[in-house]
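Chemist: curious how this folds, go ahead:
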Amino acid sequence: MRATWNDAVLAETDDTVVVEGNHYFPAASLRHEYFRESDHHSVCPWKGTASYYDVIVGDAVNAQAAWYYPHPKEAAAQIAGRVAFWKGIRVID
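Modeler: Reported below is the predicted structural model:
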């Protein structure tokens, strides 16, 4: 699987976990030069509190376009250490 935005490959792996239709990529598969920590958080009742990354390619910023659960609840343990995408980021195989 490959995550792309603005002609940049953000992450690539053959090991994703799909939860609620979202592919969660191993954090180690991210090209970290495209990611900046965001101060945004959200809460899912069964997964826990999500943290976000802004995705930056060149001068373009896609705010809060990637998320992860630093301490997922037990029911979502399979996404620990993984990152998912939205807001126009294409996930293809």
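Chemist: can you give me the strands in this protein?
Modeler: 2-5, 8-12, 17-19, 22-26, 35-44, 48-57, 60-68, 82-85, 90-92 (DSSP state E).
Chemist: dump the ones you listed to CSV, plus mean neighbour count and mean pLDDT.
Modeler: C-beta: built from backbone N, CA, C; applies to glycine. Listed next are the strands of the chain as CSV, based on neighbours: other Cβ atoms under 10 Å; pLDDT from 0 to 100:
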stretch, mean neighbour count, mean pLDDT
strand 2-5, 20, 98
strand 8-12, 19, 98
strand 17-19, 15, 97
strand 22-26, 20, 98
strand 35-44, 12, 98
strand 48-57, 18, 98
strand 60-68, 18, 98
strand 82-85, 24, 98
strand 90-92, 12, 97
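Chemist: looking at these, which is closest to Ala75?
Modeler: Of all the strands of the chain, strand 48-57 sits nearest to Ala75, with 9.0 Å by Cβ to Cβ.
Chemist: who does the closest one pair up with?
Modeler: The pairing partners recorded for strand 48-57 under DSSP bridges are strand 35-44 (antiparallel), strand 60-68 (antiparallel).
Chemist: distance of Pro26 from Phe35?
Modeler: 14 Å (Cβ to Cβ, to the nearest Å).
Chemist: next one: Tyr53
Modeler: With the distance defined as Cβ to Cβ, Tyr53 ends up 4 Å from Phe35.
Chemist: spit out the residues that contact those two alike.
Modeler: Ala66 (Cβ atoms under 8 Å, 6 or more residues apart in numbering).
Chemist: most remote residue from the protein's center?
Modeler: Asp59 (20.0 Å; Cα atoms, centre = their mean).
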